[in-house]
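1. got a predicted structure plus its sequence, pasted below:
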Amino acid sequence: MMLSALSALVLALSAAGNAPRVAGDIYLQTDSFALILSADARATGVMDMRAGEDYGVPDTGVPFAAVRRGGETFPATSASYENGQLTLEFADIKGRAVFCVTSAFRRIEFEVSSLTCERAAELVFAQIPTTLRGAPDEPFAVSPLALNLETNCAQIPGLCPGLTGFTAPERFGFRGAKGAVVAAPMAGLRDALKEALQSAEGLEHSPLGGPWAQEAKINRGSYLIATEDVTEANVAYWIQAAHSVGATQLDLHGGHAFRWGDYEVNRDVYPRGRDSLKAVVDTIHAAGLAAGLHTYAFFIAKETPWVTPVPDDRLDTDAVFTLAEGLGADATEVAVNEDTATLSAVTGFQVRNSATLRVGDELITYTGVSKEAPYAFTGCTRGALGTKAARHARGAKAAHLKECFGLFVPKGDSTLFTEVARRTADLFNECGFDMLYLDALDGADTLAGGPHAWHYAAKFTHELARRLDRPAVMEMSTFFHHLWPLRSRMGAWDCPARGARDFVDAHVLHNRRWEASFLPVHLGWWGVFGWGGVQPERSFPEDIEYVCAKALATDSSLSYIAGVTPETLKTGGAGRFAGIAKRYEALRAAGTVPVSVRARLAAPGKEFTLDPKADGKFLPLDRSRHTVTVTGAPAEVTVANPHGEQPLRLRIEALLSAGDPASPDTLVLTDFQGVGEFAPATAQQGVEATLAPGPAAVLTAKNASAEPGRAWAAFRSEFAAPLDLTHRGLALTVEGDGQGAVLNVQLRASEHLGGGIADHYIPLDFKGRRQVLLVEPESDRLATWEWPHTRRRGDWAADPDRLTGFLYPMYHIWVDYASIASMSVGVTNLPKGKTVTAKLGPVHAVKLRAGVVANPFLLMGGETVVFPVTLEAGEYLEYNDFADCKVYDARGAFKADIVPLGVLPLLAAGDTVCAFAADPQKDGPVRARLTFTTTGEALKP
């Protein structure tokens, strides 16, 4: 119904002590709330009709609407309302916006009728500050809901602490932009959002998504991602793999088995085409599992008929050039008239760039670009990607294709864009899939730039959804407002390559926000890794138990993308991990773990283990981990046991060792003698630092005012060309001053190859000079101190939304050691009010060697135990008692039982000093990692 100023409402509010505060206020009412606008166009009240409580901000300075143009924002300055029309004036630019205002079930809808304003780029409306926190313990809730795909909203529907408004961009037209303000008592908001979606023309919604998502049991199931081909011959083994970890869903990843874009199946994998794939899906269903279709959204493989032998004109481009001269069919240089300064031949998985030109019906790839006149593309391959090389006349057009993830893209407003959606839906429908993962949807910025990514991501998803013949459990690799009505769960992240526990804790923290959007949460994707030398960090049973415990605590589903396959379950160590995961999944599904116990399991940084003797009983677990280098005398370590006296449990891993810096195959990364080799310091506010060159460079840092754990400075050096540091560690001499600062020697890979970061920390808790060998990148200590590229664990909760910006480079992205682009030397943990000095010798990249740990022994409490075994690099032993001491190979597979020699006393509570050694090695020191595990009393409800 159309709204009018309601005198009855005014009387009711007056009786409740909420009379209009300013003459001329506009009251817009629906059944659950009233929105109060001031005459100067501010939303000053949000009134709960049931309780008479006003959640508005009467003195807000935020305008209800604003116009953006030329980089400036102009607020609405006055408002009037008559006969269902809200008129806003923008005095500063002589503009006017008119809205049709409609009341509906627990919502007020605003639709733009007109905008009169020259050169307007965006119209923002329904900016409504409130006193709400957007928390489920509040009695009232407010949410935005954009009602068409041409209207953006930066917020996700659900519980919001006020509304930041809807945005109508000029690109999609102002007239018809439409959004609803939905507000209701807390218990009624989901129903209000359901009704609004069901009433919205042109918007798709799913009974498994958005406000319905929490009600669908299937959304809470865990899944296994099959990154290898699942065929009629091996599907039974993949089903066993899924069952082994307690998964209820099996996700089939495309790319090889079925092609991105046109979704044609690979006949080498599925001889009978889609009939073979459907048979696989039917077998998955018969085993009680749901089947997932893992796509790459709208991206198009280079083998599709839209690319070869004749490229489709609907493939998207971002620049067009004019041939400066005729081009022969065998020419390898393409001369053009236009400036090529913005073009590059650099490509990579995440890089938004191609090295491909389309000239007529031919594709040409290039390896270089001449960026000064005469402009040209050089090193060209003619007739690329199966097209035909041809002659082209002077003046012909050469279009530069868009690319991301190694794939081309269709024009976002073309029929090819919707054709990809149709082909995806056809495969889903014909083969009987249950789930859809729209991977690569985060590449929607390739279509029309980042500011419009929300629209094209939503457009593709809704075009796909309206073609499905049944609801799909749906996830995407990005999240915008319009994806919410179709999204079934939230939280799929890429798996960490290091620092798994920190990564899981950050993930749990980030997932808390999705309770406000009524979405089940997820803690995948998880990887189970064998030993890789320096990366990825090898997985152990306690790693999978950590993420499983947090998933149980927060009722989060899990998924597995690496290390859980029929092969690793058969020949590797994945079976140990699978057994743990399945026990936890069974407990989560049963819902038998008391809430009080789950709350303790959820505590960040706290580890637990399921009591093997009693399902549902959890023991607190602590690990004391030490990396040791034995060059002569045994290495001493202090073992922390926060629990009571108990038998010793120990893991010994054989690690790689760094070679001799004096070896002729050593590379010198820096000798610190080049003036200007390192850029001036970047530093935390309150910190000053210098790096004086010389044979022993002097790093000096003064912290005037910053908190020590946040007090950092860093110096960066870009290599002239990327260096291949594969299978190399670092060696340098360091002279410390004993004040406890922490030095970091960081390697960073080329950006187009992911820009992976390898930090190496050296605590300057010593005085004098030391030779330091650095092998594995940091892991456990990554969140201990702040650096320019990361944040401390204790600061994460202040802004959870920004976690992924530094978590992915620090924890997920693998370092491409074959292309190291830069090195940084930094320092943190600077004591306040003091100056720290460290002298640094040349940094060498030394060859790594695979040493052994032979006959390791441990001295504790006057007793000695010897383990009669030779551990090759990557192998490890686990000692629980003399009758339970096992050796595992680098894959984590059981290798042998051994019987230790000697006696060990019980591990006392508190700190215990132990000594570790092994047989000397003639070619260098012995390196090992020791992990001591202790447990406490079982948790009680």
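-> Yep, it's here.

2. relative to the longest strand anywhere in the chain, what are the paired strands and their orientations?
-> Of all the segments of type strand in the chain, defined by DSSP state E, the longest one is strand 618-630. Looking at strand 618-630 with DSSP bridges, its partner strands are strand 607-610 (antiparallel), strand 926-935 (antiparallel).

3. any buried residues in that strand, and which?
-> For strand 618-630, the neighbour count (16 or more other Cβ atoms under 10 Å) marks 618-621, 623-624, 626, 628, 630 as buried. Heads up, the C-betas are built off the backbone N, CA and C, glycines and all.

4. can you report how many residues lie near Tyr27?
-> Look at Tyr27: counted by other Cβ atoms under 10 Å, it has 20 neighbours.

5. nearest to Ala421, out of the strands paired with strand 618-630?
-> Ala421 lies closest, by Cβ to Cβ, to one member of these: strand 607-610, at 44.6 Å.

6. give the rounded mean pLDDT of the closest one.
-> In this model, strand 607-610 has a mean pLDDT of 97.

7. same list (the buried residues of strand 618-630) but as JSON lines, adding distance to Leu747.
-> Formatted as JSON lines, the buried residues of strand 618-630 follow (distance: Cβ to Cβ, whole Å):
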{"residue": "Phe618", "distance to Leu747": "39"}
{"residue": "Leu619", "distance to Leu747": "39"}
{"residue": "Pro620", "distance to Leu747": "37"}
{"residue": "Leu621", "distance to Leu747": "33"}
{"residue": "Arg623", "distance to Leu747": "27"}
{"residue": "Ser624", "distance to Leu747": "28"}
{"residue": "His626", "distance to Leu747": "24"}
{"residue": "Val628", "distance to Leu747": "23"}
{"residue": "Val630", "distance to Leu747": "26"}
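
8. just put those in a markdown table and tack on distance to Phe678 and pLDDT.
-> Formatted as a markdown table, those follow (distance: Cβ to Cβ, whole Å; pLDDT from 0 to 100):
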| residue | distance to Phe678 | pLDDT |
| --- | --- | --- |
| Phe618 | 50 | 97 |
| Leu619 | 49 | 97 |
| Pro620 | 46 | 98 |
| Leu621 | 43 | 97 |
| Arg623 | 37 | 96 |
| Ser624 | 37 | 96 |
| His626 | 33 | 97 |
| Val628 | 32 | 97 |
| Val630 | 34 | 96 |
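
9. any idea which of the residues you listed is closest to Ile36?
-> Among these, Phe618 lies closest to Ile36 (Cβ to Cβ), at 51.6 Å.

10. and the closest one, what does it touch?
-> If you count contacts by Cβ atoms under 8 Å, 6 or more residues apart in numbering, Phe618 has them with 549, 597, 600-601, 608-611, 938-939.

11. can I get those in CSV with distance to Pro634?
-> Listed next are the contacts of Phe618 as CSV, based on distance: Cβ to Cβ, whole Å:
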residue, distance to Pro634
Ala549, 35
Val597, 41
Arg600, 38
Leu601, 38
Phe608, 33
Thr609, 30
Leu610, 35
Asp611, 35
Ala938, 36
Leu939, 37
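
12. break the protein into its domains for me.
-> Domain assignment for the chain, taken from automatic domain parsing, gives 7-203, 219-300+412-483, 317-401, 621-656+850-935, 667-777+815-848.

13. the fourth one: how far from the chain's middle?
-> Yep, that's domain 621-656+850-935 we're talking about. From the chain centre to the centre of domain 621-656+850-935 is a distance of 35 Å (Cα atoms, centre = their mean, to the nearest Å).

14. please apply the same query to the longest one.
-> The offset between the C-alpha centroid of domain 7-203 and the centroid of the whole chain comes to 33 Å, using Cα atoms, centre = their mean.

15. same deal with stretch 274-291?
-> 30 Å.

16. the residue nearest to Ser624 when sequence neighbours are not counted - how many residues pack around it?
-> Spatially, and ignoring its direct neighbours in sequence, Ser624 is nearest to Phe932 (4.3 Å; Cβ to Cβ, 6 or more residues apart in numbering). A count of neighbours around Phe932, defined by other Cβ under 10 Å, yields 22.

17. measure stretch 646-664 end to end?
-> Stretch 646-664 has an end-to-end distance of 50 Å (Cα to Cα, to the nearest Å).

18. which parts of stretch 554-569 are buried?
-> 554, 556-566, 568-569.
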